[in-house]
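Visitor: coords please:
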Amino acid sequence: MKFKKKKSPSNAEKERGKEILFSLKILMNVLFTLLIFQAFLILPRPEDPDLEYYTLNQIFSENIPKLLVILVGLILVGIYWIQMNRQLGNLVRSSPLHASVGLAQMICLMLYLYFVRFDMEFDGLIIALQMQSVFLALAGFLGAFNWLYARRHELTSDQINDFEERSMFFQILPEPLAALFSLPFAAMGSEAWSISFLIILPLSYVCRKMGESKKVSSE
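Guide: Numbering: from 1, shown residues only. Next up is the predicted model:
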C-alpha cells in the first residue's frame with residue numbers, strides 16, 4: 001500500500017508532535033491500567049451481600065457465562081494494549097488528529113467495559129453483548145485507521161521499513177473482525193458469544209498470510 005507523501009512538517013510542528021506523542025503514551029498506559037483494574041472489580045466479591053456462596057467452586061461453577069465474558073474482555077483489552085504500545089513505539093511524533101483518534105479508541109474500550117458491567121447486572125442481556133461487540137470492533141478499526149494515518153503523514157520511525165508497517169496494519173485487523181463476527185452470536189447467550197471469539201485464531205493466520213503476500217507481490 002503506497003502513500004503519497006504530504007508536505008514535510010516544520011521543525012516547530014515536529015517538536016510539538018514529539019510532545020504530543022510523549023503525553024499520549026503516558027495517558028494510554030494509565031487508561032489501559034485503569035481498564036484492567038475495573039475489569040477485575042466486576043468479579044464477584046466476598047463482601048457482596050447478595051452472594052450466598054460458601055466455596056470458590058460454587059462461585060465459578062454458577063457464574064461461568066459471566067466469567068467467560070470477563071475473560072474475553074481481559075484478553076482483548078490486553079491485546080489492544082500491546083498493539084497500542086507497538087504502534088506508539090514505532091512513531092517519532094503524533095499530531096492533534098492522531099492523538100484524538102487514539103483517545104476515541106480508548107473511549108470505545110471504556111464503553112465496552114461499561115456494557116460488560118451492564119451485562120453482569122442484567123444477566124446476559126442481548127443488547128449488552130451486542131454493544132460489547134460493536135465497541136470492541138470500533139476500537140480496533142480506529143486503531144487500524146490511526147496506523148494508516150501515521151504512515152500517510154510520516155509519523156512513523158525510519159527504523160521500521162515499509163513491509164513492517166504494512167504487516168502491523170494486518171496484525172491490527174483480527175480483533176475488530178472477530179468482534180464483528182461475534183455480533184450475531186449475542187442472541188444465543190453469553191457462552192456462545194464468548195466462544196465465537198475463537199474465530200480470532202484463524203483470522204490471525206489469514207491476516208498474517210495477507211501481510212506476507214503483500215511482501216511477495218512487492219518483490
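Visitor: any low-confidence regions in this protein?
Guide: Low-confidence segments of the chain (pLDDT under 70): 1-10, 43-63, 123-124, 214-219.
Visitor: Against residue 207, how distant is the residue sitting nearest the centre point of it?
Guide: For the chain, the residue nearest the mean C-alpha position is residue 80 (3.4 Å; CA atoms, centre = their mean). For residue 80, the distance to residue 207 (CB to CB, to the nearest Å) stands at 16 Å. In short, each C-beta sits where N, CA and C put it, glycine included.
Visitor: for residue 109, same thing?
Guide: Using CB to CB, residue 109 is found at 21 Å from residue 207.
Visitor: Residue 76 too?
Guide: 16 Å.
Visitor: before we move on, what about residue 104?
Guide: Relative to residue 207, and taking CB to CB, residue 104 is found at 23 Å.
Visitor: These two - which one has more neighbours?
Guide: Using other CB atoms under 10 Å as the criterion, residue 104 and residue 207 rank with residue 207 on top: 19 against 14.
Visitor: ok, and what's touching stretch 105-117?
Guide: Identification of contacts with stretch 105-117 by CB atoms under 8 Å, 6 or more residues apart in numbering yields 28, 31-32, 35, 38-39, 42, 69-70, 73, 77, 80, 84, 128-129, 131-132, 135-136, 138-139, 142-143, 146.
Visitor: Give me the buried positions along it.
Guide: The neighbour-count check on stretch 105-117 (16 or more other CB atoms under 10 Å) flags 105-106, 108-109, 111-113, 115-116 as buried.
Visitor: From the chain's centre, how far out is the longest helix belonging to the chain? Work that out for me.
Guide: Counting residues, the longest helix found in the chain (DSSP state H) is helix 11-41. On the basis of CA atoms, centre = their mean, to the nearest Å, helix 11-41 sits 14 Å off its chain's mean C-alpha point.
Visitor: The nearest residue to residue 18 once chain neighbours are set aside: helix or strand, and which one exactly?
Guide: Distances taken as CB to CB, 6 or more residues apart in numbering put residue 93 closest to residue 18, at 4.8 Å, once the chain neighbours are dropped. Counting by DSSP states H and E, no helix or strand carries residue 93.
Visitor: repeat for the one 5 residues further on
Guide: Taking DSSP H and E as the criterion, the element that holds residue 98 is helix 96-121.
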